[in-house]
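In: Using only what follows, build the 3D model:
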Amino acid sequence: QPARGHNMMVLASLVRNAWRSLFAAKSGEALDVVSWNVAAINNNPWEYYMESSAEYDALMREVQEMMSGGKASLDEPVGSIFSDAMAAELFEQMRSCGFEAVEAVEAYWRDELRARRALSEFVTDSSFGSKRLCSMPDRVTNTPAEGVYRPTVTNFYPGPLGSVEEWWRPWLAYMFEQGHWRKLKKIPRAKYPALTEAEETMSLPLQTLCLAVFDAVLVSSLNAVAPAAWPALRARVTVEMSPAAKTRKTIQLLEREFDADVAVVFLQEVGPALASYLRTRLPAKYALAAAVLDGPQVSAIVVDATRFPGPYETLEVALDSLAPGDLVVANTANGYALASFHGDTDGRATVPAIRAVAAAAKDRTLLFGLDANAYAPDKMRATTLAATDFLDALTPLGLTSCFDPGRAPPATTYNARTFLQPQIQKAVPFDQRKTSKLTDNNPKDYIVFDASAFAAADTSLDNTGDRRYLDAPFPTLAFPSDHAILKTTLKPRDPSDDAKPPPLPTAGPDL
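Out: Next up, the predicted model:
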């Protein structure tokens with residue numbers, strides 16, 4: 001009986017492989033495959049440089065000059081922008097909410113902060129950055145609650161920001177009447193050792209004060225440095241870069257690929273709004289083969305169900321280094337294993353993920369779209385994954401990528417931080433956007449596949465929305481992601497040249 005069972009398994013395997021080869025030979029059609037990290041929602045539309053226009057470029061240069069000490073007349077004492085009366089109201093609100101150590105923060109305001117120069121000794125002072133006294137409270141209060149934004153320059157707040165006086169009442173109401181102060185957490189000295197023990201103790205009221213001052217200084221400075229250009233640009237950018245606009249533009253670009261009869265789309269960093277579209281509004285012949293759609297940013301796989309028929313079996317590939325939803329893997333009914341993956345910032349989980357997926361795929365034909373978070377040689381840090389190391393790891397697994405193996409893979413990201421965000425130490429000067437080591441201009445995105453089954457042709461990148469790639473920063477007002485759309489055509493290899501049969505054709509029988 002065991003021998004008979006084994007023989008039946010061998011026979012089934014032979015029949016399956018012969019069936020796949022038969023239909024591949026009949027069809028000979030290629031597969032158009034897309035991989036795209038659509039990018040999580042960025043609540044600060046000014047954080048990264050965008051497309052160039054005369055007005056935008058002029059504003060970014062003015063802000064850089066201002067933050068770099070080139071406009072001394074705007075570098076007023078903090079107390080001249082955020083008044084003692086405002087500080088007193090803030091301290092009273094914090095007391096009423098039960099903040100501890102408010103008296104210590106009052107003394108810090110009176111004896112230290114109010115006399116500092118607003119730009120050179122506060123906003124651009126690296127000590128505030130290393131202590132996260134502005135960036136931490138900004139991060140936790142900058143995510144909108146039911147579409148309501150903190151009144152500040154660095155998000156999509158729709159209300160007027162024409163002066164500090166106009167800004168102050170809505171800011172106070174947002175933080176305290178609406179209860180957003182509850183999002184603030186104590187900043188731990190163990191994680192941010194630049195903090196003193198006293199600053200750690202009073203970190204809740206201290207970060208609240210610093211956030212208020214930071215927001216006030218940006219409102220004052222932008223209205224002073226660009227009184228005409230800033231309001232007009234702000235009105236345009238906050239509409240065209242809004243989360244709703246981003247989702248709409250992302251869907252339009254996906255539907256363009258569906259209209260072009262793409263066979264499979266691998267997606268990464270899918271947010272809730274896009275997940276809703278994938279669940280309910282895909283074109284008729286497309287199916288969601290795998291996804292974990294209940295997280296803030298997850299991976300997903302969309303297939304042409306006539307080429308990759310279901311039912312789809314989700315494979316659990318467990319790796320301690322992965323966040324929920326970063327990796328999804330699905331088996332199709334016609335012998336494929338499909339995977340979509342979003343790597344960690346340094347790319348350290350990428351090679352283990354590739355190996356684990358290859359092992360889980362077993363004898364299936366593997367297609368894998370991923371943001372590997374791999375880096376070019378001039379962008380490497382001690383902890384990051386080199387693109388060359390990533391590609392070298394594919395060969396022992398019988399895999400290859402869509403890029404020419406004889407050339408360095410192209411950059412699929414190009415973004416650099418501006419001076420309009422709270423981590424000023426990460427800002428890149430306007431004229432160094434291409435060359436700065438801080439610029440993310442790296443070969444991060446790949447389509448990986450079984451080297452014995454396919455050969456790649458016509459690989460292309462799009463960071464414009466019209467099937468072109470420009471060597472310029474993105475996202476832009478037209479293109480919604482900080483990763484380019486990667487597309488390739490996979491042509492089945494001749495089965496006589498490979499030990500492993502090629503994949504099923506683009507149009508197979510109904511299983």
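In: Let me see the ranges of the helices in the stretch 1-150 of the chain.
Out: 2-27, 54-67, 78-81, 84-96, 102-111, 126-131, 135-141 (DSSP state H, counting those that start in this stretch).
In: Skipping adjacent residues, who's closest to Phe474 in space?
Out: Asn463 (4.6 Å; C-beta to C-beta, 6 or more residues apart in numbering). For the C-beta atoms, the positions are set from N, CA and C on the backbone; glycine is no exception.
In: how many other residues sit next to that neighbour?
Out: When neighbours are counted by other C-beta atoms under 10 Å, Asn463 registers 24.
In: Same check on Leu172?
Out: Leu172, neighbours per other C-beta under 10 Å, totals 17.
In: My read is that it contacts Ala88, right?
Out: No. Counting by C-beta atoms under 8 Å, Leu172 sits too far from Ala88 to count as a contact (11.8 Å).
In: all strands for the chain, in order.
Out: All strands of the chain, identified by DSSP state E, fall at 31-37, 264-270, 286-291, 298-304, 313-315, 327-331, 336-342, 365-371, 374-375, 385-386, 399-401, 445-450, 454-462, 485-492.
In: Dump the ones you listed into JSON lines; add mean neighbour count as well.
Out: JSON lines is the format used below for the strands of the chain (neighbours: other C-beta atoms under 10 Å):
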{"stretch": "strand 31-37", "mean neighbour count": "25"}
{"stretch": "strand 264-270", "mean neighbour count": "27"}
{"stretch": "strand 286-291", "mean neighbour count": "22"}
{"stretch": "strand 298-304", "mean neighbour count": "26"}
{"stretch": "strand 313-315", "mean neighbour count": "16"}
{"stretch": "strand 327-331", "mean neighbour count": "24"}
{"stretch": "strand 336-342", "mean neighbour count": "27"}
{"stretch": "strand 365-371", "mean neighbour count": "27"}
{"stretch": "strand 374-375", "mean neighbour count": "26"}
{"stretch": "strand 385-386", "mean neighbour count": "19"}
{"stretch": "strand 399-401", "mean neighbour count": "21"}
{"stretch": "strand 445-450", "mean neighbour count": "26"}
{"stretch": "strand 454-462", "mean neighbour count": "17"}
{"stretch": "strand 485-492", "mean neighbour count": "22"}
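In: For my notes, please list the ones you listed in a markdown table and give mean pLDDT for each entry.
Out: Output for the strands of the chain, formatted as a markdown table (pLDDT from 0 to 100):
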| stretch | mean pLDDT |
| --- | --- |
| strand 31-37 | 98 |
| strand 264-270 | 97 |
| strand 286-291 | 90 |
| strand 298-304 | 96 |
| strand 313-315 | 91 |
| strand 327-331 | 95 |
| strand 336-342 | 96 |
| strand 365-371 | 97 |
| strand 374-375 | 96 |
| strand 385-386 | 96 |
| strand 399-401 | 97 |
| strand 445-450 | 98 |
| strand 454-462 | 96 |
| strand 485-492 | 97 |
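In: Ser52: which of the ones you listed is closest?
Out: Ranking those by their distance to Ser52 (criterion: C-beta to C-beta) puts strand 454-462 first, at 18.5 Å.
In: Which secondary structure elements does that closest one sit against?
Out: Packing partners of strand 454-462 (3 or more C-beta pairs under 8 Å, 6 or more residues apart in numbering; DSSP states H and E): strand 445-450, strand 485-492.
In: With respect to Pro405, which of the ones you listed lies nearest?
Out: Of all the helices and strands packed on strand 454-462, strand 445-450 comes closest under C-beta to C-beta, at 12.2 Å.
In: what packs against that closest one?
Out: Applying 3+ C-beta pairs under 8 Å, 6+ apart, we find strand 445-450 packed against strand 31-37, strand 365-371, strand 399-401, strand 454-462, strand 485-492.
In: hmm, who's touching the longest one?
Out: Residues from elsewhere that reach strand 454-462 (C-beta atoms under 8 Å, 6 or more residues apart in numbering): 30-31, 400-403, 410, 412, 447, 449, 467-469, 479, 484-493, 502-503.
In: before we move on, what about stretch 429-438?
Out: Contact with stretch 429-438 is made by 49, 57, 60-61, 64, 68, 378-379, 416-417, 426-428, 439, 441, 471, 473, as judged by C-beta under 8 Å, 6+ apart.
In: Of those residues, grab the buried ones for PyMOL.
Out: Selection of buried members from the contacts of stretch 429-438 for PyMOL, criterion 16 or more other C-beta atoms under 10 Å:
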select buried, resi 49+60+64+379+416+417+427+428+439+441+473
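In: Quick one: low-confidence residue ranges for this structure.
Out: Along the chain, segments meeting pLDDT under 70 span 1-28, 293, 495-511.
In: now with 80?
Out: 1-28, 40, 51-52, 143-147, 291-296, 318, 320-321, 494-511 (pLDDT under 80).
In: Kindly reformat the helices and strands packed on strand 445-450 as TSV containing distance to Val317.
Out: Shown next, in TSV, are these (distance: least, C-beta to C-beta, whole Å):
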stretch	distance to Val317
strand 31-37	18
strand 365-371	12
strand 399-401	15
strand 454-462	22
strand 485-492	22
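In: so which of these comes closest to Glu177?
Out: Glu177 lies closest, by C-beta to C-beta, to one member of the helices and strands packed on strand 445-450: strand 31-37, at 38.0 Å.
In: Show me what the closest one is packed up against.
Out: In terms of contacts (3+ C-beta pairs under 8 Å, 6+ apart), strand 31-37 is packed against strand 264-270, strand 365-371, strand 445-450, strand 485-492.
In: before we move on, back to that, list the contacts of the residue nearest to Phe474.
Out: 414, 469-470, 474, 476, 479, 484-485.
In: buried subset of the residues you listed?
Out: 414, 469, 474, 476, 479, 484-485.
In: Among the residues you listed, which one sits closest to Pro158?
Out: Nearest to Pro158 among these, with distances taken as C-beta to C-beta, is Thr476, at 21.3 Å.
In: The helices and strands packed on strand 31-37: which one's closest to Ala393?
Out: Across the helices and strands packed on strand 31-37, closest to Ala393 is strand 445-450 (C-beta to C-beta), at 10.2 Å.
In: re earlier: make JSON lines out of the helices and strands packed on strand 31-37 and add distance to Thr332.
Out: Supplementary listing: these in JSON lines, determined by distance: least, C-beta to C-beta, whole Å:
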{"stretch": "strand 264-270", "distance to Thr332": "10"}
{"stretch": "strand 365-371", "distance to Thr332": "9"}
{"stretch": "strand 445-450", "distance to Thr332": "14"}
{"stretch": "strand 485-492", "distance to Thr332": "15"}
